[in-house]
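predicted model and sequence follow; I will ask about them next.
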Amino acid sequence: MVLTAQVGIDAAAVTLVVASPTPGGWFTARGRRRLVLNSGRAIARDGQLGPGMLALLDETCARLQTAAFGVGAGSVTTSVASSLRVAEDLEQLLAIVADRLGGPVTVLTEEQEARALLLAARATIGPPPVRGASIPVGAGPAEVVLALDADRIASIRDVGTGVPERVATDGGVRGLLPTERVDPFHPSVRGHVERHAQALAARLPVRTGWPVVTGEGPRALARTLLARRRGARRSVAAGGLHATRGEVASIVHELAAAGPTARLLLPAIAPDEVDLVAVTATLLTQVLTRLGATGARFSDVEVLDGLIAGALERPVPVDPDEVRAGGLEDLAALGGFPAPRMEAFARHAVTLLEAEHHPAVVDPAERALLDLAARLVMLPPERCDQVRASGIRGVDPMDLATALEVATVAGMARTGPARRRRDGLAALLVAAQRHPDAATGSSGSGPRPGTPSEVVTDGTGIARLVSRP
């Protein structure tokens, strides 16, 4: 098995990923650890990491080396974010990394980061959700990526030359957040956000389809949007979500209308992410408006994902449909099935649907959801939980959530004990509906209150309520 171990050190955290390639053209993480150190704050305050932060990074690197070797990695490759270049004691950091982790160490350029992030976005964003097939996301893969990270805000555009065009603004999303004494919707904050939006959109082409947004702020916003759609139902990973500009703007309006205390009680928004969601949604709405884009696609990838894909020589998908096909191929590998077998079962399920209705009148959305649910029902429950937590590359999370619900019901029906329990409960409900007077004590054909009774099922499978003497 080919393994690559990559450590990424940026202004927010130190992350280790040990990965191996998958049949669908991407990779799976055999081990992942992320330790938030916020070293960028020390650099912003003092111009350097300082002895305390360097000691903490030394201990962190030692622990990550042990973790990497523990899952079978032979060596570790380390990348240091370009935002750390300004640290006066950068050379001391590089010496610590080389001593603790060994292997090559690279201080990334902004161009390398942009290329890696663009690759990762293209390899993980699929077609629109089946229920929103008319969403005008534009043809082809991601053309524009908006990176709204904790330490930097940037737009990345593929201009077809192999060197992405990158425009960055000073500071990051966290820098847009107000202090505890300033409301995130105060006019001064809004003006600051507007300046960033103008700088991001200034060099981007208008109406090029829906941009892909990544970073700490968009991840929090995507979780909020998905939770609002799903309500109290069990959620899934939010990566790959498609959302209209109107949805994002509605979040802004609701948060602006609520007071600082009331915002903490709004549904579907984590209290510790309220300000982050507010600023991110405001910034994104303004950028989308300036670009003439009617929505955005959310991705949970980072620069490190693109670096891993490059190290494993993963191909760059040609279009979003190819991304989805690769994700489904990886799904089969997760279940331990040959991809053709899972494909054949899904095709069989769709054939049964078309046998009930003429293929010409079958809703394409229903066909696509049944295809996905048929693949999921082949997986054992623990694998379905894994899919729920990580998502399927190229599949919108709303489609995945619906397909998982269908597969769960079908899985219960095929399982012996669960099926018997379900059938038993259903028989009781059938009996209760046939004899509602038994609950009220009124006269009728049903048994008298207090009369022992039982549910029996005859050879036809129809439940009957029978009184016992």
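Looks like it came in fine. Numbers count the residues shown, from 1 in each chain.

show me the shaky parts of the stretch 1-150 of the chain.
Along the stretch 1-150 of the chain, the model assigns pLDDT under 70 to residues 1, 131-142.

could you pull out the helices for it?
Using DSSP state H, counting those that start in this stretch, the helices found in the stretch 1-150 of the chain span residues 39-46, 50-70, 90-101, 110-122.

and the first one, what does it pack against?
In terms of contacts (3 or more C-beta pairs under 8 Å, 6 or more residues apart in numbering; DSSP states H and E), helix 39-46 is packed against helix 50-70. Every residue, glycine included, has its C-beta placed from N, CA and C.

which helix or strand contains the spatially most central residue of the chain?
Central residue of the chain (C-alpha atoms, centre = their mean): residue 239, 2.0 Å from the mean position. Assigned by DSSP states H and E, residue 239 belongs to no helix or strand.

you'd agree it is up against residue 300?
Yes. If you go by C-beta atoms under 8 Å, residue 239 and residue 300 touch, sitting 3.6 Å apart.

mind putting the helices of the stretch 1-150 of the chain in CSV, mean neighbour count included?
Below are the helices of the stretch 1-150 of the chain laid out as CSV (neighbours: other C-beta atoms under 10 Å):
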stretch, mean neighbour count
helix 39-46, 18
helix 50-70, 16
helix 90-101, 17
helix 110-122, 24
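
which of the ones you listed sits closest to residue 182?
Between residue 182 and the helices of the stretch 1-150 of the chain, the shortest gap by C-beta to C-beta is with helix 39-46, which sits at 18.7 Å.

wasn't residue 324 part of a helix?
Yes. Membership of residue 324 in a helix is supported by DSSP: H, G, I helix; E, B strand; the rest coil.

mind listing the shared neighbours of residue 239 and residue 300?
Shared contacts of residue 239 and residue 300, defined by C-beta atoms under 8 Å, 6 or more residues apart in numbering, are found at 124, 222.

with distance to residue 365 added, can I get the helices of the stretch 1-150 of the chain in TSV?
Listed next are those as TSV, based on distance: least, C-beta to C-beta, whole Å:
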stretch	distance to residue 365
helix 39-46	44
helix 50-70	43
helix 90-101	48
helix 110-122	25
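
so, low pLDDT: which residues of the stretch 151-300 of the chain?
Across the stretch 151-300 of the chain, residues meeting the criterion (pLDDT under 70) sit at 178-181, 207-208, 232-234.

one more time with 90
Scanning the stretch 151-300 of the chain for pLDDT under 90 picks out the ranges 151-210, 216, 227-239, 256-273, 275-276, 279, 290-294.

can you show me the strands along it?
For the stretch 151-300 of the chain, the strands defined by DSSP state E, counting those that start in this stretch cover 153-157, 165-169, 212-214, 242-244, 295-298.

hmm, who's touching stretch 16-23?
1-8, 27-34, 64, 67-68, 71-73, 76, 304-305, 308, 312, 314, 329-330, 332-333, 339.

doesn't residue 395 fall inside a helix?
No. Applying three-state DSSP, one finds residue 395 to be coil, outside a helix.

domain assignment for the protein?
4-108, 125-300, 319-414, 420-467 (automatic domain parsing).

mind putting those into TSV with distance to residue 119?
Output for the domains of the chain, formatted as TSV (distance: least, C-beta to C-beta, whole Å):
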stretch	distance to residue 119
domain 4-108	11
domain 125-300	10
domain 319-414	12
domain 420-467	46
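
nearest to residue 116 among those would be which one?
domain 4-108 (8.0 Å).

start and end of the closest one, how far apart?
Across domain 4-108, the terminal residues are separated by 18 Å (C-alpha to C-alpha, to the nearest Å).
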